[in-house]
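Enquirer: Dropping the sequence and predicted coords here.
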Amino acid sequence: MIHASIFKANDIRGVTTGPEPEWDADGAYAIGAATADVFAISAGAGALVVGRDMRTTSPVLSAAFADGVLSRGADVIDIGLASTDGLWFASGSLGLPGAMFTASHNPGNYNGIKFCHPRAQPVQPAELVAIRERALAEAVAPAVRRGTRSERDLLGAYADHLLSLVDLSGIRRLKVVVDAGNGMGGLTTPAVLAGQNLEIVGLYLDLDGSFPNHPPNPLEPANLLDAQAAVREHGADLAVVFDGDADRCFVIDERGEVVSPSAITGLIAVRELARDPGGTIVINKITSHSVPQLVAAAGGRTVITRVGHTFVKAAMAENGAVFGGEHSAHFYFRDFWGADTGMLAALHVLAAVGETDEPLSRLVEQYSLFAASGEINSTVAEVEPILVALEKHFGDRAVPDRVDGLTLTGDGWWVNVRPSNTEPLLRLNVEAPTAEQVDALRDEALAIIRA
């Protein structure tokens, strides 16, 4: 069983448990067979790497998917429990396409699949459409030769690769809170950070797909409160908070205050440009305008693209970019096959703090040149009438563009409103020179969005 609605712009995501599931093991089997066909993986023509997160339905769904791939004569390499960036590592290091079973930050009754081509390259929306059409069509007969399934444990190699990119051996002793939210960060944190000059205060490192402590979505401020409190309670230098599949990483400073992901983008961009002078940095439409200024000052070049890993990865490859950052706390690295990895971003922050005597709050001041609202979500019935109303309301004060949703750019400020790719939400972001201007622009926009 599959509902066509689970196929999103960049991945697959839908409800798997409860009274009205949107897909099940039979659907996963059909998607697996369709994936083998669309990716042209057949007998003797390579294999597909499959990983899964800790969600309760991941073992059954990933096994059914793998069976569908095998039915088309393609081979499967099962890496078992993995973070999404662990799957990207497997694809990159083995040179094979991959499928990761995860619903990222969605509630526990959801599951999904993220895909990639060999070396962690992004799939195109048209390919997801082709997979959807084949999966929803009448089943085809199995191939004459059934593929073979093997298992590989790549967690240690993943950790070694990340630590080869950021050297923590010379940093001062740091106390670090790590909130994995019962997600895959609980698997990767001990593998990567054990043995470093760090005192780890772990929160919810046990894997539990029911998410008993808080939802695995660090974009929601309520889900950062436990880490903020732990920083203050333990006198920690900082905290890192991962989402459910650990491909995103939020950072909290020594005061318990959330550090803007745009500031982290600026920090890492400057570090990477020090290694690669004149390099290119990719950001999306809602990343702070601080970043292009910082990149230019460091002698680099900025490329701006749409929100979403498919678009950022494509821009990374097209421009040979050394680093990319999104305001949603996705961070992409050329040395990680252009893919996003929350753990590598965390290592850069740990190194930056550990190489100086300054607290994180002081360190990031130089990377935050504007005030920002953060992302504000609203559930709406129709998107386009709201965008039209906003464009009319701001009128001559702003220049509009539709590169990604609607961006209204004024005198030193901007407002962006865009629909979510994965949820029925309209997302608002505002940036301006002062907090007072941000508040005023935010309230103007929300009055129209929520009218």
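Expert: Yep, it's here.
Enquirer: ok, and the closest non-adjacent residue to residue 344?
Expert: Nearest non-adjacent residue to residue 344, counting by CB to CB, 6 or more residues apart in numbering: residue 162, 5.3 Å away. Just so you know, the C-beta spots here come from the backbone N, C-alpha and C atoms, and that holds for glycine as well.
Enquirer: do residue 25 as well
Expert: Nearest one to residue 25, counting by CB to CB, 6+ apart, is residue 64 at 3.9 Å.
Enquirer: if I look at that neighbour, how far off is residue 36?
Expert: Residue 64 sits at a distance of 13 Å from residue 36 (criterion: CB to CB, to the nearest Å).
Enquirer: One more: residue 248?
Expert: Noted for residue 248: a distance of 29 Å to residue 36, by CB to CB.
Enquirer: number of nearby residues for the nearest residue to residue 168 once chain neighbours are set aside?
Expert: What sits nearest to residue 168 in space, not counting adjacent residues and going by CB to CB, 6+ apart, is residue 196, at 4.8 Å. Neighbour count of residue 196, defined by other CB atoms under 10 Å: 18.
Enquirer: just the one 5 residues further on next, same as before
Expert: Taking other CB under 10 Å as the neighbour definition, residue 201 ends up with a count of 18.
Enquirer: Please, which helix or strand holds it?
Expert: strand 198-203 (DSSP states H and E).
Enquirer: need the strands for the stretch 201-350 of the chain, in chain order.
Expert: Along the stretch 201-350 of the chain, counting by DSSP state E, counting those that start in this stretch, strands occupy 238-242, 249-252, 258-259, 280-284, 301-305, 323-325, 331-333, 339-340.
Enquirer: any chance of the ones you listed in a markdown table, with distance to residue 180, mean neighbour count and mean pLDDT too?
Expert: Listed next are those as a markdown table, based on distance: least, CB to CB, whole Å; neighbours: other CB atoms under 10 Å; pLDDT from 0 to 100:
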| stretch | distance to residue 180 | mean neighbour count | mean pLDDT |
| --- | --- | --- | --- |
| strand 238-242 | 5 | 28 | 98 |
| strand 249-252 | 11 | 26 | 97 |
| strand 258-259 | 17 | 20 | 96 |
| strand 280-284 | 26 | 27 | 96 |
| strand 301-305 | 29 | 18 | 95 |
| strand 323-325 | 22 | 30 | 97 |
| strand 331-333 | 17 | 28 | 98 |
| strand 339-340 | 17 | 28 | 96 |
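Enquirer: that older thread, counting contacts, what elements does the strand holding residue 201 pack onto?
Expert: strand 174-179, helix 185-193, helix 225-234 (3 or more CB pairs under 8 Å, 6 or more residues apart in numbering; DSSP states H and E).
Enquirer: nearest to residue 32, of these?
Expert: Between residue 32 and those, the shortest separation by CB to CB is 23.8 Å, and it involves helix 185-193.
Enquirer: quick one, strands of the stretch 1-150 of the chain?
Expert: Going by DSSP E, counting those that start in this stretch, the stretch 1-150 of the chain shows strands at 12-15, 47-52, 75-81, 98-101, 110-116, 149-151.
Enquirer: ok, now the stretch 351-451 of the chain?
Expert: Assigned strands in the stretch 351-451 of the chain, in chain order: 371-372, 376-378, 399-401, 406-409, 414-419, 426-432 (criterion: DSSP E, counting those that start in this stretch).
Enquirer: Extract the residue ranges of this structure that are flagged as low pLDDT.
Expert: For the chain, applying pLDDT under 70 flags the ranges 43-45, 422.
Enquirer: Which residue ranges make up each domain of it?
Expert: Per automatic domain parsing, the structural domains of the chain span 4-154, 161-258, 261-367, 371-449.
Enquirer: What is the end-to-end distance of the third one?
Expert: Across domain 261-367, the straight-line distance between its terminal residues is 10 Å, by CA to CA, to the nearest Å.
Enquirer: Count the neighbours of the closest residue to residue 336 other than its chain neighbours for me.
Expert: Using CB to CB, 6+ apart and skipping the chain neighbours, the partner closest in space to residue 336 is residue 344 (6.0 Å). Residue 344 has 23 neighbours, counted by other CB under 10 Å.
Enquirer: Which residues are in contact with residue 434?
Expert: By CB atoms under 8 Å, 6 or more residues apart in numbering, the contact set of residue 434 is residue 371.
Enquirer: how about stretch 121-137: buried residues?
Expert: Neighbour-count burial for stretch 121-137, counted by 16 or more other CB atoms under 10 Å, picks out 121, 122, 123, 128, 130, 131, 132, 134, 135.
Enquirer: Just flag the most distant two among those.
Expert: Across the buried residues of stretch 121-137, no pair lies farther apart than 121 and 135, at 21.8 Å, counting by CB to CB.
Enquirer: which residue of this protein sits farthest from its center?
Expert: For the chain, the C-alpha farthest from the mean C-alpha position belongs to residue 144; by CA atoms, centre = their mean, that distance is 38.6 Å.
Enquirer: can I assume it is in contact with residue 71?
Expert: No: contact criterion CB atoms under 8 Å: residue 144 and residue 71 do not qualify, at 10.9 Å.
Enquirer: Which neighbouring elements make contact with the helix or strand the residue nearest to residue 344 falls within?
Expert: Per DSSP H and E: residue 162 is located in helix 155-165. Judged by 3+ CB pairs under 8 Å, 6+ apart, the packing partners of helix 155-165 are helix 84-94, helix 185-193, helix 342-354.
Enquirer: What are the buried residues along that helix?
Expert: For helix 155-165, burial by neighbour count (16+ other CB under 10 Å) applies to 155, 158, 159, 161, 162, 163.
Enquirer: how about those in JSON lines, adding distance to residue 77?
Expert: Shown next, in JSON lines, are the buried residues of helix 155-165 (distance: CB to CB, whole Å):
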{"residue": "155", "distance to residue 77": "14"}
{"residue": "158", "distance to residue 77": "14"}
{"residue": "159", "distance to residue 77": "19"}
{"residue": "161", "distance to residue 77": "17"}
{"residue": "162", "distance to residue 77": "21"}
{"residue": "163", "distance to residue 77": "24"}
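Enquirer: Need the max-distance pair from the residues you listed.
Expert: Farthest pair in the buried residues of helix 155-165, by CB to CB: 155 and 163, 12.8 Å.
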